[in-house]
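Participant: Model the following, please.
(2 chains)
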Number of protein chains: 2
Amino acid sequence: MSEAPPLAVALAGLGTVGAGLVDVLQRQGDLIAARAGRRIEIRAVSARNRSRNRGIDIGSYQWWDDAAAMARDAEVDAVVELIGGSNGTALAVVEGALARRRPVVTANKALLAHHGAELASRAETAGVTLGFEAAVAGGIPIIKALREGLAGNAVSRVYGILNGTCNYILTAMRESGRPFAEVLEEAQRLGYAEADPSVDVDGIDAAHKLAILASVAFGTRVDFGAIHIEGIRNVSPLDIRYAQELGYRIKLLGIARLTELGLEQRVHPCMVPVNSPIAHVEGVFNAVVAEGDAVGSSFYQGRGAGSGPTASAVVADLIDLARGHRVATFGRPAAALVKAPHASIDRHLGPYFVRLSVYDRAGVVADISAALRDERVSIEALLQRGRNPGEAVPIVITTHATEEAAMMRALKTISRLDCVTEPPCLIRIIEGI
Amino acid sequence: MSEAPPLAVALAGLGTVGAGLVDVLQRQGDLIAARAGRRIEIRAVSARNRSRNRGIDIGSYQWWDDAAAMARDAEVDAVVELIGGSNGTALAVVEGALARRRPVVTANKALLAHHGAELASRAETAGVTLGFEAAVAGGIPIIKALREGLAGNAVSRVYGILNGTCNYILTAMRESGRPFAEVLEEAQRLGYAEADPSVDVDGIDAAHKLAILASVAFGTRVDFGAIHIEGIRNVSPLDIRYAQELGYRIKLLGIARLTELGLEQRVHPCMVPVNSPIAHVEGVFNAVVAEGDAVGSSFYQGRGAGSGPTASAVVADLIDLARGHRVATFGRPAAALVKAPHASIDRHLGPYFVRLSVYDRAGVVADISAALRDERVSIEALLQRGRNPGEAVPIVITTHATEEAAMMRALKTISRLDCVTEPPCLIRIIEGI
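Facilitator: Numbering: from 1, shown residues only, chains lettered A, B, ... in the order given. Have a look, this model is predicted:
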């Protein structure tokens, strides 16, 4: 088998991940050849700047200024897209390669979240593979797990910690007691958060990945627009302290679930039971849990980003290509992907944690309780610790399972009460995980 | 693609797992066909007793009294072996199928631990797949992860909780404070342990799985005989209490590691830091951690046994067959599998926990310390709690990194001291996980 011709690859994008891929393929060439049955060799590369020092030797590769032209015209067997972004050059590279019936491997979650169903069709028409293991949690082969390892299961729910930056910030907030802004600044200094952190901390990046996971898990068309997205900016040290006291940890989860109403997809801070496996995923790690009818709960944890883990996932896709494996992009033929009805977050049913800031005076609890009662929200616990007459104090409420819409109406009423000094903070409690 | 002919399967063995497989294939036939591109259909079955009520309908399948004959002669595309046992009928079934160039899927860890390298050669000669995802931690697609998902990595260590019975017992001992024998009896009553529990509690089953994992991770020939194996019979509630106090949990781990001396393979109770992910794997769950040079630490948790998870893994292998995937049995050609030098446990270097039972009298600590000093074992902590002059009391010692052989010599000396009333209990401490 080692006599087979090498798999020749064109690589678009030489940022951290691109350089990491070059490094892995150069360093582990023999090992990879032994496993894949043939060598995997980069032949052509393209990036914005040819001469930048990346700590790798690209001298023996054909250089292309135009990545899209390379994807179409370089003499290779496969194209790797590591440029990023949901449109522009990245899209041109992938479309160009597929148009020429070339298999593509990409780490681009935004691209797949926005154009996944369309690109899957194109790959299928071309009869080639579109690999994207690296797009979701590089350190966890979760796409392969869902598409192959758990393929005998009807999956009912898939959820996870899909953004390392947010998990790092929430972990540091809990460990240090410091507020979001301060920890974010530190994360930026350490390189765990971008200068513009909004794609991470506002939940967009996690939502990109959730959209992809949901498609693979449920055989539905990628539907990024249907995801309810909240980030972690409003999580306060007070919430984290209360969570701990109540036996929870706060994690930003992406959750996709098949309900009677359709496909529910949401990204938001969650209180998870402290004894659940996902509560112990700390720092920059990612984790994904898939629940299948035969397998039960299957849990995966690894690094989500960084050059090594992402390159590892890209190489796995390339080895699949070299071995001749072919799986439909989202695990079944593109035409068979279902446009799932959208289960609105308004119909979500579950317990809630609510933190209010109120003036400490008589009747406050009665007013709040009445607003909840009027929407049939059943209180599980109400904590008002410490007195401070005439000043603002926190009140924390946890509820029994409640419909989101009713909860929101109650909060609207509550936020209009004279005694309430700040917009309420709501965090959904996730149980049974 | 759905027009492709079905994959016809012969199934040898209709115990819990066999019945579970029939159930999954019958219940999820359409889903599996959508994913695999063709139907997967059982055509022939064999078991010891035809008429036993298994809660499934096998009336439409061809019945064979002789499983080996079925494996050779039934008109099918693949053979599934779910009989179990490292020899006898199971081996005859697998060998018979391979001799006829039929792909085989098996859940049989004992078979692979003892005959893995030989069977891999036969499969390769026959040009067919030998799938065994179900042999190790059915609820975790770890064989696929190692052989494909992490195939771009040089793996340095793979370890895990590989036996659900032991993990259930250790978890229950910790939660209840009860001794091994009592908890074992309960586990037997609940069906978590066999009437003859020795294959589980003596570490054999975990070692079978470790032998397989090591081969896939390191490209070495399966070498069950080289594994150092200890079970959990000697773990006492006292050890569990001390572990907790010292910041550890006790888990039965299988560990395989490439060292300068060769391949180290061992199964024994370990103290793992309470903040490591593996410390939180409780009850009947299994977990595996793979450490790769690119990916870092990649962690997997799921149910290890039971009909659903095991059937899920068998179906995944069948779907791979239906899709035409082919990977060498242990991830690379059989002839390329290396006979790794055996790194003896004697040369293992690490910290130790030792519990002694001694008569509470003057000079005891001095005698023990001297024995350790003579072997250059460096004490990290020594605890002698509670006085009970003239009676037996526990002394607990933790050491800095020590070579196993030196530790064993010191313990031999110590166990001969007059003041020592019972054989010492030694548990290795695992750090950096």
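
Participant: Could you pick out the residues of the stretch 151-300 of chain A near chain B for me?
Facilitator: Contact residues, the stretch 151-300 of chain A versus chain B (Cβ under 8 Å from any Cβ of the partner chain): A:151-154, A:219, A:275, A:277, A:280-281, A:292-300. Placement of C-beta: from N, CA and C, glycine included.

Participant: now those residues: which count as buried?
Facilitator: Neighbour counting with 16 or more other Cβ atoms under 10 Å in any protein chain shown marks A:151-154, A:219, A:277, A:280-281, A:292-300 as buried within those.

Participant: Residue numbers of the stretch 301-433 of chain A in contact with chain B?
Facilitator: Counting by Cβ under 8 Å from any Cβ, the residues of the stretch 301-433 of chain A that sit close to chain B are A:301-303, A:308-309, A:311-316, A:318-320, A:323-328, A:331-333, A:336.

Participant: just checking, which of the residues of the stretch 151-300 of chain A next to chain B belong to strands?
Facilitator: Here DSSP state E is the test, and these give A:292, A:296, A:297, A:298, A:299, A:300 as lying in strands.

Participant: Closest to residue A:115 out of the residues you listed?
Facilitator: Distance to residue A:115 across these (Cβ to Cβ) is lowest for residue A:300, with 25.8 Å.

Participant: Could I get the contacting residues of the closest one?
Facilitator: Residue A:300 sits next to A:137, A:140-142, A:145, A:160, A:287-290, B:298-301 when contact means Cβ atoms under 8 Å, 6 or more residues apart in numbering or on different chains.

Participant: cool, and residue A:291?
Facilitator: Residue A:291 touches A:155, A:156, A:157, A:158, A:297, A:298, counting by Cβ under 8 Å, 6+ apart.

Participant: separation between the second one and chain B?
Facilitator: By that I understand residue A:156. 12 Å (Cβ to the nearest Cβ, to the nearest Å).

Participant: Can you list the buried residues in whichever strand or helix holds that residue?
Facilitator: For residue A:156, the host element (DSSP states H and E) is strand A:155-161. Within strand A:155-161, the residues scored as buried using 16+ other Cβ under 10 Å are A:155, A:157, A:158, A:159, A:160, A:161.

Participant: One more: stretch A:90-105?
Facilitator: A:90-98, A:102-105.

Participant: For the residue lying farthest from the centre of chain A, grab phi and psi.
Facilitator: Distance from the C-alpha centroid of chain A, by Cα atoms, centre = their mean, peaks at residue A:362 (44.9 Å). The phi/psi pair for residue A:362 (degrees, to the nearest 10) reads phi -60, psi 140.

Participant: Check residue A:7 too.
Facilitator: Backbone phi and psi, for residue A:7 under degrees, to the nearest 10, turn out to be phi -90, psi 110.

Participant: Which of the helices or strands spans residue A:80?
Facilitator: Following DSSP H and E, one finds residue A:80 within strand A:78-81.

Participant: which helices and strands sit right next to that strand?
Facilitator: Judged by 3 or more Cβ pairs under 8 Å, 6 or more residues apart in numbering or on different chains; DSSP states H and E, the packing partners of strand A:78-81 are strand A:7-12, helix A:67-73, helix A:88-99, strand A:104-106, helix A:307-323.

Participant: Mind listing the strands that strand pairs with, and their directions?
Facilitator: The strands beside strand A:78-81 in its sheet (DSSP bridges) come out as strand A:7-12 (parallel), strand A:104-106 (parallel).
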